[in-house]
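# got a predicted structure here, sequence first:
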Amino acid sequence: MGARTAGRGTGEIRNTRQRRAVAEALDGLEDFISTQDLHALLRRRGESVSLATTYRVLQSMSELGELDVLRSDDGEAIYRRCAAEHHHHHLVCRRCGATVELEAPAVEEWAGRTAAAHGFTRVEHTVEISGLCAACGARDDA
């Protein structure tokens, strides 16, 4: 991600100190995180980024395709910087947030066929699979 510093109204994103702090924090995480939890992490690191700015930066990064966004069980948006730079899906632990990136060619084919059968074009989709990871499942069995 290079530094872009165009003026307002040009559609370019300014690479501010706050944006860099958010990006660096996300780069150090493997699992999805809520805005509030990310803001708390930034504060613990000594970063002076307001909660409102954290929301704005995450929204901007999401719109630019720099982050994946899922909804937690309570409907809250959670964010993650993914290793895959192409379309993919996630398997997410409901308890601890552990995440596995999934390639799902059968899902892609099904989505295309289903959309075409109904006359839809330019189709997008999101598939989230949630459950308990092996570690969390083992704690329930103990």
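Right, received. Where do you want to start? Just so it is clear, the model here is predicted, and its values are computed rather than measured.

# ok, Glu47 - contacts?
Taking C-beta atoms under 8 Å, 6 or more residues apart in numbering, we find Glu47 in contact with 18, 21, 25. Backbone N, C-alpha and C define where each C-beta goes, glycine included.

# and the last one, which helix or strand is it part of?
According to DSSP states H and E, Ala25 maps onto helix 17-27.

# for that helix, packing partners?
Where contact means 3 or more C-beta pairs under 8 Å, 6 or more residues apart in numbering; DSSP states H and E, helix 17-27 is packed against helix 35-44, helix 51-63.

# where in this protein is pLDDT low?
Residue ranges of the chain with pLDDT under 70: 1-13, 83-85, 142.

# domain ranges for it?
Annotated domains of the chain cover 17-80, 89-141 [automatic domain parsing].

# out of the ones you listed, which one sits most buried?
domain 17-80 (a mean of 16; mean count of other C-beta atoms under 10 Å).

# that one: how far from the chain's middle?
Offset of domain 17-80 from its chain centre (C-alpha atoms, centre = their mean, to the nearest Å): 9 Å.

# for that domain, measure first residue to last.
End-to-end distance of domain 17-80 (C-alpha to C-alpha, to the nearest Å): 20 Å.

# now the strands for this protein?
According to DSSP state E, the chain carries its strands in the segments 33-34, 68-71, 77-80, 89-93, 99-102, 128-131.

# using CSV, please lay out these together with distance to Thr53.
What follows is those, written out as CSV (distance: least, C-beta to C-beta, whole Å):
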stretch, distance to Thr53
strand 33-34, 15
strand 68-71, 18
strand 77-80, 14
strand 89-93, 26
strand 99-102, 25
strand 128-131, 27
